[in-house]
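Participant: structure, please.
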Amino acid sequence: MMRCQLCGEPAHTRSSSEISITTRERYYPRKNVNYGHTFIAHETYVRFIVTPQLVEAVLRHIQANSVA
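Facilitator: A predicted model of the protein is given here:
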């Protein structure tokens with residue numbers, strides 16, 4: 001959801017396409033057909049907040065004579 005820059009009312013994505021690996025172009029038509037406004041916005045990746053770390057798999061501990 002993004003607000004229309006002309007009237008401030010909410011608009012929802014109708015479709016989108018990938019411009020690059022870090023950018024998407026989204027099409028926002030207004031729901032009010034009498035208004036007739038459609039706009040395009042770009043959504044761009046900026047930075048990582050957390051990056052996954054490579055971890056070694058841990059083997060499951062099996063206890064002999066355990067009761068489940």
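
Participant: from Asn65, how far off is Tyr27?
Facilitator: The spacing between Tyr27 and Asn65, counted by Cβ to Cβ, to the nearest Å, is 64 Å. C-betas here are computed from N, CA, C, even on glycine.

Participant: so those two - more neighbours on which side?
Facilitator: Neighbour tally, Tyr27 and Asn65, criterion other Cβ atoms under 10 Å: the higher count belongs to Tyr27, 14 against 4.

Participant: could you dump the host helix or strand of the more buried one to CSV, C-alpha only?
Facilitator: Using DSSP states H and E, Tyr27 sits in strand 23-29. The C-alpha trace of strand 23-29 is given here as CSV (Å, rounded to 0.1, in the frame of the first residue of the first chain):
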residue,chain,number,x,y,z
THR,A,23,14.7,-3.0,-7.7
ARG,A,24,11.0,-3.7,-8.5
GLU,A,25,8.6,-1.4,-10.3
ARG,A,26,5.1,-1.4,-8.9
TYR,A,27,1.9,-0.2,-10.6
TYR,A,28,-0.7,1.5,-8.3
PRO,A,29,-4.1,2.2,-9.8
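
Participant: for it, buried residues please.
Facilitator: Arg26, Tyr28, Pro29 (16 or more other Cβ atoms under 10 Å).
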